[in-house]
Each structure stands twice: as structure tokens, then as C-alpha cells.
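S.K.: Sharing a sequence plus its predicted fold:
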Amino acid sequence: MQKRERRFFSLPLLTTLSVLLFCSLLITFLLPYVTEQGTVAEIWVDDRLVRQVDLVSAEEEVFSPCEGVEIAIREQTIGFVSSDCPDQTCVHSGMLSKKGEVAICLPKGVRILLVAGKDEIDAML
Amino acid sequence: MKRKRPFLSRLLCLIFILSLCLTGCAAKAPVTGNFLAMDTLFSYSLYGESTKEAIKEIQKKSAELEKIFSNTSDSGLPAKVFDLTPEKELILEEEEALLLSEALSFSVESGGVFDVTVGNLKTLWNTAEKNDKLPDQSEIDLAKKRCGFGFLQQKDRTLSVLESGILLDFGGIAKGYAADCLQKLMVEHHLSGFISLGGCIASVGKKPDGSSFVFGLQIPRTGVSGYFATLKMPFDGVLSTSGNYERFYEIDGKKYSQILDPFTGRPTESEFLSVTVLSEDGTESDALSTWMMLCSKEEAVSLAKEYEVLVILVTNENKLLVSKELEPYFSLQPGLGYELSFV
């Protein structure tokens, strides 16, 4: 009787493993490029992330993350449009559209951070 | 007898092994976050194993520094020095002594152009903005009498004053000092990444794929977002920017710089819209960026050479003067009308 050949990896097992691993790696590599197409803005009030907005798909609107502060989203940009803070630094920051940009209203503890996007920069100075 | 399929089997083995190798190369996402301290936003993006512990220490250190250098807290160094009379001596904490000593060194070296004792003038102009009325010359002269680094005498951790009522202002140096402290923590925890704190960014190492961190330099115009250039970090260091476009005094409908000229007691009418300094030392880059805002173009370029720091200067006429050492790392955005020269 011919001795049966034993293999550590059988062909079906190897096929399945290879396909699964290859697919998962494709997702790992491609996912960041897919998600970075949209510019994502985070709105924080004190230590709370109150909202995340994909500026590419977001509808135009003006909303208030806390009393006395208004933030507008329009034409894929976001920014403070009014605040009852004394120095108005937040409103002077203008409308943001690029990854790494931030606008902050210190007296109200509100900030907008553009955390993802197709721009080449890691942060703005 | 069943036919073997050696080719297919080997091909699958190869894909399997290659896939395993690639798992080590997959893009790693940084740990990001933000918090408020020292009257500004701190945001970080860190790569490495011990990010959790490092972030805790970064937040703790920032809170400690805020307490020390705040000019609104009764326990801060400015309040302690303000209450000091010539008959007494103040024993400084180690951290207080360190930064005050650095600030006084820059005050001396700049001949008083950068002066850590302009707190009383700052208060005067803050009040003027609140009342929407420009201060009189007599009020400016009065405030100036209580300004001047020569009123302070520091020997190690002992501080004395020649006049009482001297108010310190660490606005032009404290963030740079904080950037140094936080950069040190990143190194201690073997992290790469960056921490942005208002007008300063402390950067360490490179991204896991070996590429450098890239920072956008904000267009120095009020109400205009976006960046006019990008800079790839050529080495570990701190970038500091001073300018008049984000924070300013608005009195009677007119905008005034928040950087005060200690000699006139008035807001500076700088030749620059913004000054960015790159140095391995954050305290130096922060102090120099403030100092250069009060200089002429020629003086600023000469200072950069003297201190061996790299600069990006944006003048009021939209001219860009960039250290020639930065040429391979600097990239100007097209269509903004800046006239670039490397110096």
C-alpha cells in the first residue's frame, strides 16, 4: 500500500488563508486612502467631541454647539460665524477647509479641528 | 492516481508568505487628541508603544506649566513677582527659575526689544480695548515706568526687584518652553509625532513609513484660512510663529498688534505679517520669533544667522524671506502672489 503523503498545509486550507489574508491587507492599505478623500471636521466643547462632519457630503447649515456660539458649514468649509466672546479670535479665524486647520473659541471652550483630508500637511502653524 | 498540483500549491505558499511579510508594513495610524491649556489649544499626533502614559504626562506637565506662568492666577509667577517689594527676596521653584533666567537672557541680549517685564503695558492695552479708547501718553508713560528687565535681579533661584509692582508677561516665550518640555517627554517615551500648542509645534522623529512630518504655514491675513507654504521638518525641533493676524487689539474700529514695543509702549508696527523660526530649542524659537517681529528685515535675517536658527519671514509687501538651508524642505503654494527669496 502506498504511504499517504502528509502535508502541514493542505491545499484548500492554504487557499482560504491566502485569500483571506490578501483581502484583509488590501483593505488595510486602501482604507486610509478611501476615507481621506473627505475632509472631516471635529467640533469639541470642553473635553467632549460633540460632532463629526464630513465636509464633502455635509449639507449647508448653521448650528450652535453651545450657548452664544454659532458654527456654519458651507461649500465644504466650516468656521465660527458668531460668538459672544470678547476677543472674537474664533470668528477672525475664517472658514476652514484643509486638514490640520483649527479654530478655537477659548472663552467658550469650543474648537473646530480638521482631522482628515486629502491635503499633504499633518498640522497647520 | 491523483495528479499533484505543485505549481498552484507553490504559488499560494508564495502569496501567503508575502502577505505575512506585508503585515509589518501596513500603515499605522497615530494616536491623536487635543486639550486646552495655557490659554490655547494643545493637539497631538503620536506614534509609538507607550502613547497612553505619555499623553497623561503631557497633560499633567501642561497643567503644571499653566499654573506657573499664568498671569491670571494668584499662585502664578507673575502675581508673586508683582507683589514682591525691594526689601524682600523671592525663592523661585526650579521650573520658574529656569524659564525666568531664559527670558531675562533674551531680554538682555535683545537690549530690551524682547522684554519679559512688559506686563503692565499689556494690562494697559487690554483695558484700552475693553473701554474701546486709546490710552493717553501719560498712561503709557506711567505703565512704562514699571517695565524694564533691569528692575529684576535673579541669582540662581533667588529673585529680587528694584521696584515693586513689576508685572511679568511670558506670552513671547512660555509656549516655546512648554514645547521643549513636551518634546522631552515624547523622546523619553520613545515616541515620534508632534504636539501643536498655539503658535508652536514640537516635532520628534518621522512617521512609521519613514516620511517627515509636513506642516502648513498659515496665510497671515485675518479671516483668511489655508496655508501659503508647506515645510517638511528637516530635523527634530520646534517651529514657532509670531504674527498680528490672529490676536490683536481692536480699539475704535482700528486693529493694533498685540506685540508691544517696550520702547514706545505702543503696539508694534512691524515690517512683518508673520515670523516663523525653526530651532532645536523651543524657548529660543519662540523668543526669537517675538523679537524678530520688532526688527527690520535686515536685522531679522542677521539675528537668524547669529543664533543659527532657520526662518520664514513674511513681509507686509508679501515678500517671503526663507533661510536657504530650508530650500529643499520648503514648498510655496502657487497663485498666492508671494515673492520668494532664499537668504
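M.R.: Received, thanks. Residues are numbered from 1 along each chain as shown, chains lettered A, B, ... in the order given.
S.K.: quick check: domain ranges of chain B?
M.R.: Chain B breaks down by automatic domain parsing into domains covering B:72-161, B:212-342.
S.K.: Okay, now stretch B:191-209: how far is its last residue from its first?
M.R.: Start and end residues of stretch B:191-209 are separated by 14 Å (CA to CA, to the nearest Å).
S.K.: Quick one: residues contacting residue 42.
M.R.: With no chain named, the answer covers chain A. Applying CB atoms under 8 Å, 6 or more residues apart in numbering or on different chains, one finds that A:E42 lies in contact with A:49, A:51-52, A:112-115. Where you see a C-beta, it was placed from the backbone N, CA and C, and this is true even at glycine.
S.K.: You answered for a different chain; I wanted chain B.
M.R.: B:34-36, B:58, B:62, B:195-197.
S.K.: Using CSV, list the CA coordinates for whichever helix or strand it is part of.
M.R.: B:F42 is located in strand B:40-47, with elements delineated by DSSP states H and E. Only the C-alpha atoms of strand B:40-47 are listed here, as CSV (Å, rounded to 0.1, in the frame of the first residue of the first chain):
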residue,chain,number,x,y,z
THR,B,40,-4.5,77.8,23.8
LEU,B,41,-5.3,74.5,22.1
PHE,B,42,-2.9,71.7,22.5
SER,B,43,-3.3,69.0,19.8
TYR,B,44,-1.1,65.9,19.4
SER,B,45,-0.5,63.2,16.9
LEU,B,46,1.8,60.5,18.3
TYR,B,47,3.2,57.2,17.1
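S.K.: ranges for the strands of chain A?
M.R.: With DSSP state E as the definition, chain A shows strands at residue ranges A:40-45, A:48-54, A:61-63, A:69-74, A:77-83, A:102-105, A:110-116, A:123-124.
S.K.: Just want the residue of the stretch 201-343 of chain B that's nearest chain A.
M.R.: Of all residues in the stretch 201-343 of chain B, B:G216 sits closest to chain A, with a separation of 4.0 Å (CB to the nearest CB).
S.K.: so what strands line up beside the host helix or strand of that residue?
M.R.: B:G216 is located in strand B:214-218, with elements delineated by DSSP H and E. For strand B:214-218, sheet partners with direction are given as strand A:123-124 (parallel), strand B:227-232 (antiparallel), following DSSP bridges.
S.K.: Buried residues of it, list them for me.
M.R.: Along strand B:214-218, the positions that meet the burial threshold by neighbour count (16 or more other CB atoms under 10 Å in any protein chain shown) are B:214-218.
S.K.: Would you check that A:V110 makes contact with A:W44?
M.R.: Yes - under the criterion of CB atoms under 8 Å, A:V110 lies in contact with A:W44, with a separation of 7.0 Å.
S.K.: Nearest residue to the middle of chain B?
M.R.: If you average the C-alpha coordinates of chain B and look for the closest C-alpha using CA atoms, centre = their mean, you land on B:C200, 2.8 Å from that point.
S.K.: The spatially closest residue to the residue of the stretch 201-343 of chain B closest to chain A that is not a sequence neighbour: what's it in contact with?
M.R.: Sequence neighbours aside, B:Y227 is the residue nearest to B:G216 in space, at 3.2 Å (criterion: CB to CB, 6 or more residues apart in numbering or on different chains). For B:Y227, the set of contacting residues under the criterion of CB under 8 Å, 6+ apart consists of A:98, A:121, A:124, B:216-219, B:333.
S.K.: Bridged to B:Y227, which residues?
M.R.: Here B:Y227 sits in beta bridges with B:Q218, going by DSSP bridges.
S.K.: Quick check: it vs A:K98, distance?
M.R.: Counting by CB to CB, to the nearest Å, the gap between B:Y227 and A:K98 amounts to 7 Å.
S.K.: Need the overlap of contacts for those two.
M.R.: Overlap between the contact sets of B:Y227 and A:K98, as judged by CB under 8 Å, 6+ apart, is given by A:121, A:124, B:216.
S.K.: A:I121 is in contact with the last one, correct?
M.R.: Read that as B:G216. Yes - taking CB under 8 Å as the definition, B:G216 is a contact partner of A:I121 at 4.0 Å.
S.K.: so what sits against both of these two?
M.R.: Counting by CB under 8 Å, 6+ apart, the shared contacts of B:G216 and A:I121 are A:98, A:100, B:227, B:230.
S.K.: Tell me the spacing between the last one and A:Q76.
M.R.: Going back to what we said before, that points to B:T230. From B:T230 across to A:Q76, the span is 20 Å (CB to CB).
S.K.: So those two - more neighbours on which side?
M.R.: When B:T230 and A:Q76 are compared for neighbours, B:T230 comes out ahead with 20 against 15, by other CB atoms under 10 Å in any protein chain shown.
S.K.: ok, that one to A:L125 distance?
M.R.: For B:T230, the distance to A:L125 equals 10 Å [CB to CB].
S.K.: Pull up the overlap in contacts between the two.
M.R.: Counting by CB under 8 Å, 6+ apart, the shared contacts of B:T230 and A:L125 are B:215-217.
S.K.: Let me know the closest of those to B:F69.
M.R.: Within the shared contacts of B:T230 and A:L125, the smallest distance to B:F69 is 24.7 Å, found for B:F215 (CB to CB).
S.K.: pLDDT score assigned to the closest one?
M.R.: The per-residue pLDDT reported for B:F215 equals 95.
S.K.: Is it correct that it is in contact with B:G237?
M.R.: No - assessed by CB under 8 Å, B:F215 is found out of contact with B:G237, at 11.3 Å.
S.K.: any residues in contact with both of those two?
M.R.: Counting by CB under 8 Å, 6+ apart, the contacts common to B:F215 and B:G237 are B:S203.
S.K.: Spell out which residues of the stretch 151-300 of chain B are next to chain A.
M.R.: Those residues of the stretch 151-300 of chain B that sit near chain A, judged by CB under 8 Å from any CB of the partner chain, are B:194, B:196, B:199-201, B:213-218, B:222-227, B:230, B:239, B:241, B:245-247, B:250, B:276.
S.K.: quick revisit: weakest of the strands paired with strand B:214-218 by average pLDDT?
M.R.: For the strands paired with strand B:214-218, where the average pLDDT is lowest is strand A:123-124, sitting at a mean of 89.
S.K.: ok now do B:L303, which residues does it touch?
M.R.: Neighbours of B:L303 in contact, by CB under 8 Å, 6+ apart: B:288, B:291-292, B:295.
S.K.: Okay, and which of those map to helices?
M.R.: Those of the contacts of B:L303 mapping onto helices are B:288, B:291-292, per DSSP state H.
S.K.: could those residues be laid out in JSON lines, adding distance to B:D74?
M.R.: What follows is those, written out as JSON lines (distance: CB to CB, whole Å):
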{"residue": "B:L288", "distance to B:D74": "31"}
{"residue": "B:W291", "distance to B:D74": "30"}
{"residue": "B:M292", "distance to B:D74": "33"}
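S.K.: out of those residues, which one sits closest to B:N131?
M.R.: Nearest to B:N131, judged by CB to CB, of the ones in helices among the contacts of B:L303 is B:W291 at 29.7 Å.
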